[in-house]
Structures are given as C-alpha cells and as structure tokens.
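A.B. asks: Here's my sequence, what's the structure:
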Amino acid sequence: MRLHHLALFLHLTGVALWVGGIVFIRVCLVSPALTVAQWAEALEHFFPLSWTSIALIVITGGFMLIAVGVAHAPPGWIIMTILGAIMIAVFASVWFGPWAALRAALAKGGLAQAREAMRHINKRLDIVLVLATLTSVVATLGLAL
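C.D. replies: Residues are numbered from 1 along each chain as shown. Next up is the predicted model:
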C-alpha cells in the first residue's frame, strides 16, 4: 500500500463524516418534537467531529496535491480544492455567526432569537451540502477533464 492510498482513505473518511453529519443534522433531526435546546445539544456534539474531519480533509488533500504537484494535478483537483475552501469558509461562518448567537440566546432564555439563529444555521448548512454535491461531481466526473 502506498502512502497515497492511506491519504485517500483518510480523506474520504473525513468527507463522509463531515458531509454525513450535515445530512444527519438537516434530514434526520428535522422534527417539530425537538426543542431548540435539543438541536443545540446535537450541534454541540456535531461540531468537534466536523472540525476534526475538516482538519483531516485539509491535511490529506494538501498532502495528495503536493505529492502530485499543483502544476501536474488534474483540473478537477484544483476545482475541488477551491470548492472545499468555500465550504470550509461557509462552515466557519456558521461557527462564528449563528452558532455563537444560538448559544448566547439559549443562555439568556431568548427562544425567538435561538430559533432565528437555528434558521440561519440550517440555511448555511444547506449551502455546504450543495457545494459538497458539486464537489462530489467534480471529484468523480471531473477526472475526465
């Protein structure tokens, strides 16, 4: 087994955990029975796994890109890198924006503000999922470019 194969495995594992976690949050946790506090508790567990997955994706993706050489990388890899950077930026905006607002609102008992923050979190996670789908297309079909 080459180091590239291990890096690819870890890269795909990170992607599966991160994107799968977002799908779980957006699809499986959609229930009127869940309170905003329960959503926040789920997100409290989701974020550490997400940031670890993102670090794994960046490290392994960077390793594979450097190993091949940016000048020799398939165009799909460059597009994938750009889309990945945008996904991370949108995800970071969740962390520093509405996630922080959600926690602050819950600490103060502001249920309306907490619901509004949750709405913003969901919108941004939807953007990440659209970008993840586009990245998946580029990562597979883009290899034919």
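A.B. asks: Pull the distance from stretch 46-61 to the chain's centre.
C.D. replies: How far stretch 46-61 lies from its chain's middle: 8 Å, per CA atoms, centre = their mean, to the nearest Å.
A.B. asks: Excluding chain neighbours, what is closest to residue 15?
C.D. replies: Nearest non-adjacent residue to residue 15, counting by CB to CB, 6 or more residues apart in numbering: residue 57, 6.0 Å away. (C-beta placed from N, C-alpha, C; glycine too.)
A.B. asks: ignore the last one, residue 88
C.D. replies: Nearest to residue 88 is residue 54, by CB to CB, 6+ apart, at 5.9 Å.
A.B. asks: Secondary structure element holding the residue nearest to residue 15?
C.D. replies: Per DSSP states H and E, residue 57 falls inside helix 36-68.
A.B. asks: Pop out the phi and psi values for residue 29.
C.D. replies: Phi and psi for residue 29, reported as degrees, to the nearest 10, are phi -90, psi 10.
A.B. asks: could you list every residue that touches it?
C.D. replies: By CB atoms under 8 Å, 6 or more residues apart in numbering, the residues touching residue 29 are 39, 42.
A.B. asks: Distance-wise, check it relative to residue 75.
C.D. replies: For residue 29, the distance to residue 75 equals 37 Å [CB to CB, to the nearest Å].
A.B. asks: follow-up on the earlier one: can you tell me how far the residue nearest to residue 88 sits from residue 46?
C.D. replies: 12 Å.
A.B. asks: Where does pLDDT dip in this protein?
C.D. replies: For the chain, applying pLDDT under 70 flags the ranges 1, 145.
A.B. asks: which residues are in contact with stretch 3-17?
C.D. replies: Defining contact as CB under 8 Å, 6+ apart, one finds that stretch 3-17 is touched by 49-50, 52-57, 60-61, 63-64, 67, 132.
A.B. asks: before we move on, what about stretch 137-145?
C.D. replies: With contacts defined as CB under 8 Å, 6+ apart, stretch 137-145 is touched by 74-76, 79-80, 83.
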